[in-house]
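In: need coordinates for the following:
(chains A and B)
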Amino acid sequence: DAGVIQSPRHEVTEMGQEVTLRCKPISGHNSLFWYRQTMMRGLELLIYFNNNVPIDDSGMPEDRFSAKMPNASFSTLKIQPSEPRDSAVYFCATRGTGELFFGEGSRLTVL
Amino acid sequence: QQQVKQSPQSLIVQKGGISIINCAYENTAFDYFPWYQQFPGKGPALLIAIRPDVSEKKEGRFTISFNKSAKQFSLHIMDSQPGDSATYFCAASKEGSQGNLIFGKGTKLSVKP
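Out: Sure thing, here's the model as predicted:
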């Protein structure tokens, strides 16, 4: 298995632009998590899905952030409009019945 | 409220030495305590985990020590190697490995040759 696949790996955009981050989970994993990593705040859980249904989005910072999981093979995290303080590494992680597996992350820089 | 406090923030150890990273938690409902290892440009990966029914777990050079009464747990890396240089995160969850993980802020370990 190729593991959790995230794209893009790097994104540089200007303030106000829409950003879409994508995640392909490991096949058969029914839980998917979006995390944000910054030096100041460490790893923060933004939202997680179970069987494609959002279960807890209390970590989503504000309405500019939205996440979807239209099917078991794909999820997106969207930021609209983006702001410089959104600059971070965003990780997707998935889990079946065992441990949590992380993707390699999407590094977002908002200028 | 930070539920898992990790220290130190950074650590420099000589090759062959022992690296020790500490974590403290607040929620007594936590019942699963993993450690994750992250190399630059990569996502965190599970290193070793413990449940509160045991006080210690060892896997190779890596050992978790767990003190339930003090609500603390630590990672010990014996015979530290330059290849161990990475950022280490402790975490905790309720509902075992199926619960949502609350992460510490991480410790950047540098092992000098």
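In: B:K57 touches B:I64, doesn't it?
Out: Yes: taking contacts as C-beta atoms under 8 Å, B:K57 lies within contact range of B:I64: 4.9 Å. Glycine gets a C-beta too; all of them are placed from N, C-alpha and C.
In: give me the common contacts of these two.
Out: Applying C-beta atoms under 8 Å, 6 or more residues apart in numbering or on different chains, one finds that B:K57 and B:I64 are jointly contacted by B:I48, B:A49, B:I50.
In: what about B:K57 and B:I64, which has more around it?
Out: B:I64 (23 against 16; other C-beta atoms under 10 Å in any protein chain shown).
In: the more buried one: which element?
Out: According to DSSP states H and E, B:I64 maps onto strand B:62-67.
In: avg pLDDT for the helix or strand following that strand?
Out: Later in the chain than strand B:62-67, the nearest helix or strand by DSSP H and E is strand B:72-77. Summarised as a single mean, pLDDT over strand B:72-77 is 98.
In: and what of stretch A:5-19?
Out: Rounded mean pLDDT across stretch A:5-19 is 97.
In: any idea how far apart the tips of that stretch sit?
Out: 17 Å (C-alpha to C-alpha, to the nearest Å).
In: and that stretch, what's buried?
Out: A:Q6, A:E11, A:T13, A:V19 (16 or more other C-beta atoms under 10 Å in any protein chain shown).
In: looking at these, which is nearest chain B?
Out: A:Q6 (8.4 Å; C-beta to the nearest C-beta).
In: that closest one falls within a strand, correct?
Out: Yes: assigned with DSSP: H, G, I helix; E, B strand; the rest coil, A:Q6 falls within a strand.
In: so how far is B:K42 from it?
Out: 11 Å (C-beta to C-beta, to the nearest Å).
In: give me the common contacts of the two.
Out: Taking C-beta under 8 Å, 6+ apart as the contact rule, A:Q6 and B:K42 both touch A:E104, A:G105.
In: thinking again about what came up before, the strand holding B:I64 vs strand B:72-77, what angle?
Out: Orientation check (axes from the mean of the first three to the mean of the last three C-alpha atoms, to 10 degrees): strand B:62-67 against strand B:72-77 gives 160 degrees.
In: how many residues are close by the residue nearest to A:V12 when sequence neighbours are not counted?
Out: Counting by C-beta to C-beta, 6 or more residues apart in numbering or on different chains, A:V12 lies nearest to A:T109, which is 4.6 Å off, once chain neighbours are set aside. Neighbour count for A:T109, taken as other C-beta under 10 Å: 14.
In: many thanks, I have nothing further to ask.
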